[in-house]
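*Asks:* Output the structure for:
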Amino acid sequence: MKNTHHFFATILFIITSCSHGVNNIPDATSAFSFRGNTAATIKIGTQDTCSAVNKSTNADSILWDFGDGRTSKDQTVILSYPKSGTYTLKLIAKGFDGEKTESSKKIIVLDRILKKIVIDRVQWDTAVVSQGWPTIDVADIYFQIQLFTNTTMNPKGIYPKCPVLFTSSIIKNISFNHIPPVYQPIEIPVSEKFIIDKNLLSETFNLAKINNLYLFSVMAKDASGKNYCLINNVWYDIKLKIQGNVASNTFSVETNNQTSFRLICDYE
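*Replies:* Numbering: from 1, shown residues only. Reported below is the predicted structural model:
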């Protein structure tokens, strides 16, 4: 009788132990961070990249939902959004028991809005006709943005077949030798909404290959209405300095040359 009781107790113990093992599968948890940042919300500019790292535990599989129709099963994903807006990034973790859990964070994607153009210095030589500069000491100045799609140049520095995207207001009567500290930088406010597309920016320009990039030009106009190009990022093969910081809400594009300019933007 004792042996029989001991046998059934042993069987009961084994069954209980096995049952306890099945029901005691740890629950999966879903968690992730941005570049090591655990904040619930981050801000980035359009076309910027940001890494999100899986921090889930006890997960058999994971699925990222970017909030714009894209998904991924990678452990670490590189986020980039072409359009501004607020997106919800979700990480869905599936446990070994088939149960799912998810976590989410907000991603605020902002455009770069052109607010002001600053022309720090203006200089041309009235005697150097080959450069296509004005032959007068004073001219009206304006800034122009084109999309570089064609290499046809006529006259010097002017690309008539490239679509004009933006033309600033005209600043009257600027000297051919408008240089600090005698002269203050020329500030041209931008009243219309113009979005700077990061994909159309390049520090250097290669005329051998048309890449649909921005063509930035400081233009001059004389009393007869004739237009001249004082500088652009194609003609001089200059290097643009591109800087952006979402946290401080600053973005700029600038060059330092005989005639130099800065594009000042806000993230919105």
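
*Asks:* Now do the helices in the chain.
*Replies:* For the chain, applying DSSP state H gives helices covering 2-23.

*Asks:* Quick check: can you list the domain ranges of it?
*Replies:* 26-110, 112-267 (automatic domain parsing).

*Asks:* got these as TSV, with mean neighbour count columns?
*Replies:* C-betas here are computed from N, CA, C, even on glycine. Below are the domains of the chain laid out as TSV (neighbours: other Cβ atoms under 10 Å):
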stretch	mean neighbour count
domain 26-110	15
domain 112-267	16
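
*Asks:* Columns mean pLDDT on top of the ones you listed, output as a markdown table?
*Replies:* Below are these laid out as a markdown table (pLDDT from 0 to 100):
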| stretch | mean pLDDT |
| --- | --- |
| domain 26-110 | 95 |
| domain 112-267 | 95 |
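
*Asks:* check contacts around Gln131.
*Replies:* By Cβ atoms under 8 Å, 6 or more residues apart in numbering, the contact list for Gln131 reads Trp124, Asp125, Lys156, Gly157.

*Asks:* where's the second one relative to Ile107, distance?
*Replies:* Yep, that's Asp125 we're talking about. 50 Å (Cβ to Cβ, to the nearest Å).

*Asks:* Quick check, Asn249 in contact with Tyr267.
*Replies:* Yes - using Cβ atoms under 8 Å, Asn249 makes contact with Tyr267 at a distance of 5.3 Å.

*Asks:* Find residues that contact each of those two.
*Replies:* With Cβ under 8 Å, 6+ apart as the test, Asn249 and Tyr267 reach no residue in common.

*Asks:* and the closest residue to Asp65 other than its chain neighbours, bridged to which residues?
*Replies:* Excluding its sequence neighbours, the residue lying closest to Asp65 (Cβ to Cβ, 6 or more residues apart in numbering) is Lys90, at 4.2 Å. Beta-bridge pairing for Lys90 (DSSP bridges): Asp65, Ser104.

*Asks:* I'd assumed Ser33 was in contact with Lys55.
*Replies:* Yes - counting by Cβ under 8 Å, Lys55 touches Ser33, with 5.9 Å between them.

*Asks:* so Val164 bridges to which residues?
*Replies:* Gln146.

*Asks:* residues contacting it?
*Replies:* Gln144, Ile145, Gln146.

*Asks:* if I look at Leu91, how far off is Asn58?
*Replies:* Using Cβ to Cβ, Leu91 is found at 14 Å from Asn58.

*Asks:* Oops, could you answer that again for Ile210 instead?
*Replies:* Taken as Cβ to Cβ, the span from Ile210 to Asn58 is 53 Å.

*Asks:* And Phe251, by the same measure?
*Replies:* 42 Å.

*Asks:* Same question for Pro155.
*Replies:* Counting by Cβ to Cβ, the separation of Pro155 from Asn58 is 70 Å.

*Asks:* go on, Leu230?
*Replies:* 65 Å.

*Asks:* Also Ser103?
*Replies:* 14 Å.

*Asks:* is it true that Val218 touches Ile231?
*Replies:* Yes - counting by Cβ under 8 Å, Val218 does reach Ile231; the two are 5.0 Å apart.

*Asks:* re the thing from before, of all pairs in the contacts of Gln131, which one is the farthest apart?
*Replies:* Greatest spatial distance among those (Cβ to Cβ): Asp125 and Gly157, at 14.0 Å.

*Asks:* Can you tell me how far the residue nearest to Val53 when sequence neighbours are not counted is from Ser51?
*Replies:* Spatial nearest neighbour of Val53, excluding adjacent residues (Cβ to Cβ, 6+ apart): Thr76 at 5.0 Å. In this view, Thr76 and Ser51 are 6 Å apart by Cβ to Cβ.
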